[in-house]
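Peer 1: dropping the sequence and predicted coords here.
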Amino acid sequence: CLACHNGQPEVAANRDGMYRDPPFRFMDYAVGCECCHGPGQLHVEELTHHPNLRRRKVDDSIVNPTDLPPRLADDICMNCHQGGNTRVLQPGKNYLDFRPGTALYETTTIFKLPVTQAQRAELDRSENLPPVRGSLAMPLWWKNSNMEMSRCFHDSNGQLRCITCHVIHQRPADEGKVAFYRERCFTCHTNDSCKLPLASRRQQAPANDCIGCHMPRKATAGIPHSNDTNHRIVRRAGQPYPDYAFDEPSPDSPGLVCINRRGEDATRPIPALTKLLAYADIAQKVPSLSHYYYDLLEQLKQSSPDDPTVLCALGRKALAEKDDAKAVDYLTRALQKGGDYAATYVDLGEALARLGRVAESAQILEKGTNAWPFSRDIQKSLVFRYLTLKQVPQAREALRQYVALFPEDTFMQAALAKIEGRNP
């Protein structure tokens, strides 16, 4: 979350809820300059020692989004303002690796489920209804993909970009917003472009408001008391989706559409490991796509047998198939190869317990708790393992720690009360 909602968080690699000291680079608590302009040290040093460099037409010491091609400029915004059905980091990347001026696809991939023609009527009906979390419309109700479905975007051959309308450093005052954004529209249009008579537009409140008519606001899915603007720039409210809203999956990612793979990137295959993680997530919502996941896993078993992510996936598959000995082998190797993910500890602990090696299971989960102190699954598994071993003092202490971190878990609250001999 903090990769978008704060400026420069110093996260601990592969650890949830853990940060370096200090937790924010430059103690920058808000979204800062480097989020859009990239690293600024060279820029500061050059202009400090050579003030005359300010006169350059293009400052190559820092990224200026206005000097970038539209796609790269929009990737800066897309990084935080574009959703989908799943988002997967490219192999070896983390969310803070993205640098303005580079393709977002190099760091992360954003996938959506394609909307079929059979679902088209449902999607069009949703235009007149508030978005619902998990509905067909929700993945589209994000700024960038909506803008790309606008006629303005297509008729400008992709030259329309986020910063065509949004001037980040000079946001209009509330009383001037209507006029400001109308002038943005007049970059391409004129008063005569609108078929509604000017006199009628002036009678509206606010008067002659292009955005109010063509970018109507509606409730935001899953966020109470919040409205958002429809960036599809429709001619009229409730206008059906255009044909190009219904992207077809590419041959190398059946059942999925990669939203941010463009240009040269679109000519290269998506890394198999990236697709594996995408299908792993999507298959939980759409089980019919799970066979693509298992097909990829078999391929990676041959091509990348020592990859820790592959070993973890193989271990989980063996666990699901009740082949606990094989699961222990895969997951132990995964830890040895650097795959010390929270799920690795949970799955290995479960496999060991099934084999009757409960004490070893508890030891693995203890290691997992040290590595992932904010993992709900590891801590809950450790509590149950202590209880199986009849190690009541350890179970009580683990329960207290768990409830302190996750007080919303009423089941574990009741378990702690019982073990302490009190009413919940």
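Peer 2: Received, thanks.

Peer 1: doesn't V383 belong to a helix?
Peer 2: Yes. When classified by DSSP: H, G, I helix; E, B strand; the rest coil, V383 is found to be part of a helix.

Peer 1: per-residue pLDDT, it?
Peer 2: Looking at V383, its pLDDT reads 97.

Peer 1: and what of L198?
Peer 2: At L198, pLDDT is 86.

Peer 1: so how far is M412 from it?
Peer 2: Computed as Cβ to Cβ, to the nearest Å, the L198 to M412 distance reads 65 Å. Quick note: C-beta positions are derived from backbone N, CA and C, even for glycine.

Peer 1: A237 now?
Peer 2: A237 is 48 Å from M412, by Cβ to Cβ.

Peer 1: looking at these two now, which is surrounded by more residues?
Peer 2: The residue with more neighbours, out of A237 and M412, is M412; 18 against 13, by other Cβ atoms under 10 Å.

Peer 1: stretch 194-203: which residues count as buried?
Peer 2: 194, 201 (16 or more other Cβ atoms under 10 Å).

Peer 1: how far off centre is that stretch?
Peer 2: 41 Å (Cα atoms, centre = their mean, to the nearest Å).

Peer 1: where does the chain dip in pLDDT?
Peer 2: For the chain, residues meeting the criterion pLDDT under 70 lie at 7, 26-28, 54-56, 131, 133-134, 136-141, 221-222.

Peer 1: S361 is in contact with A353, isn't it?
Peer 2: Yes. Shown here, S361 and A353 form a contact pair, counting by Cβ atoms under 8 Å, at 4.3 Å.

Peer 1: shared neighbours, those two?
Peer 2: Common neighbours of S361 and A353, counting by Cβ atoms under 8 Å, 6 or more residues apart in numbering, are R385.

Peer 1: neighbour count: those two, which is higher?
Peer 2: S361 (26 against 21).

Peer 1: now the strands: where do they sit in the stretch 251-400 of the chain?
Peer 2: For the stretch 251-400 of the chain, the strands defined by DSSP state E, counting those that start in this stretch cover 257-258.

Peer 1: residue contacts, Q117?
Peer 2: F246.

Peer 1: that one and Q394, how far apart?
Peer 2: Counting by Cβ to Cβ - Q117 and Q394 are separated by 58 Å.

Peer 1: swap in I270?
Peer 2: Distance from I270 to Q394, by Cβ to Cβ: 45 Å.

Peer 1: for K218, same thing?
Peer 2: K218 is 52 Å from Q394, by Cβ to Cβ.

Peer 1: and the helices in the stretch 201-350 of the chain, which stretches?
Peer 2: 210-214, 272-285, 290-303, 308-320, 324-336, 342-354 (DSSP state H, counting those that start in this stretch).

Peer 1: may I see the buried residues of the second one?
Peer 2: Taking 16+ other Cβ under 10 Å as the basis for neighbour counts, the residues of helix 272-285 that come out buried are 272-280, 282-283.

Peer 1: contacts for that helix?
Peer 2: By Cβ under 8 Å, 6+ apart, helix 272-285 touches 85-86, 88-91, 109, 111, 113, 252-253, 255-256, 289-290, 292-293, 296-297, 299-300, 303-304, 307, 309-310, 313.

Peer 1: and for the fourth one?
Peer 2: For helix 308-320, contacts defined as Cβ under 8 Å, 6+ apart pick out 273, 276-277, 280, 294, 297, 300-301, 304-305, 324, 326-331, 333-334, 337-339, 341, 343-344, 347-348, 350-351.

Peer 1: ok, the nearest residue to R396 once chain neighbours are set aside to V383 distance?
Peer 2: Of all residues not flanking R396 in the chain, I419 sits nearest, at 5.2 Å (Cβ to Cβ, 6 or more residues apart in numbering). Distance check for I419 against V383: by Cβ to Cβ, it reads 9 Å.

Peer 1: ok, these two, which is more surrounded?
Peer 2: V383 (24 against 16).

Peer 1: quick one, what contacts the closest residue to that one other than its chain neighbours?
Peer 2: Nearest residue to V383, sequence neighbours excluded (Cβ to Cβ, 6+ apart): A398, at 4.7 Å. The neighbours of A398, taking Cβ under 8 Å, 6+ apart as the test, are 379, 382-383, 386.

Peer 1: so which residue of this structure lies furthest out from the middle?
Peer 2: Here the centre of the chain is the reference, and by Cα atoms, centre = their mean the most remote residue is A199, at 45.0 Å.

Peer 1: pull the number of nearby residues for Y293.
Peer 2: 20.

Peer 1: please disregard the earlier target; I meant V167.
Peer 2: Burial of V167 is recorded as 12 neighbouring residues (other Cβ under 10 Å).

Peer 1: and it, that one's in a helix?
Peer 2: No. Counting by three-state DSSP, one finds V167 to be coil, located in no helix.

Peer 1: that one and E175, how far apart?
Peer 2: Applying Cβ to Cβ to V167 and E175 gives a distance of 16 Å.

Peer 1: just P100 next, same as before
Peer 2: Distance from P100 to E175, by Cβ to Cβ: 32 Å.

Peer 1: swap in R422?
Peer 2: Where E175 is concerned, R422 sits at a distance of 59 Å (Cβ to Cβ).

Peer 1: same check on C188?
Peer 2: 25 Å.

Peer 1: those two: which is more packed in?
Peer 2: Neighbours per residue, other Cβ under 10 Å: of C188 and E175, the larger number sits with C188, 13 against 8.

Peer 1: which SS state does that one fall under?
Peer 2: coil.

Peer 1: that one and Q159 touch, don't they?
Peer 2: No. The pair C188 and Q159 fails to qualify as a contact (Cβ under 8 Å) at a distance of 9.4 Å.

Peer 1: which residue packs closest to P22, ignoring adjacent ones?
Peer 2: P22 sits nearest to E10 (Cβ to Cβ, 6+ apart), 6.9 Å away.

Peer 1: so which strand or helix has the one you found?
Peer 2: In the assignment (DSSP states H and E), E10 maps to strand 9-11.

Peer 1: got the phi/psi numbers for the nearest residue to N128 once chain neighbours are set aside?
Peer 2: For N128, ignoring the flanking residues on the chain, the nearest one in space by Cβ to Cβ, 6+ apart is G238 at 4.6 Å. Reported as degrees, to the nearest 10, the phi and psi values for G238 are phi 80, psi 10.

Peer 1: now Y19
Peer 2: phi -140, psi 160.

Peer 1: so it makes contact with P9?
Peer 2: Yes. Taking Cβ under 8 Å as the definition, Y19 is a contact partner of P9 at 6.5 Å.

Peer 1: okay, stretch 409-424 in CSV with CA atoms only?
Peer 2: The C-alpha atoms that make up stretch 409-424 are tabulated as CSV, following Å, rounded to 0.1, in the frame of the first residue of the first chain:
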residue,chain,number,x,y,z
ASP,A,409,-10.5,-12.6,15.2
THR,A,410,-13.3,-13.5,17.6
PHE,A,411,-12.5,-17.3,17.4
MET,A,412,-9.0,-16.8,18.7
GLN,A,413,-10.2,-14.3,21.3
ALA,A,414,-12.5,-17.0,22.6
ALA,A,415,-9.7,-19.5,22.5
LEU,A,416,-7.5,-17.2,24.6
ALA,A,417,-10.2,-16.6,27.1
LYS,A,418,-10.7,-20.4,27.5
ILE,A,419,-7.0,-21.2,27.9
GLU,A,420,-6.8,-18.4,30.5
GLY,A,421,-9.9,-19.7,32.3
ARG,A,422,-12.1,-16.6,31.9
ASN,A,423,-15.2,-15.6,30.0
PRO,A,424,-14.6,-14.3,26.5
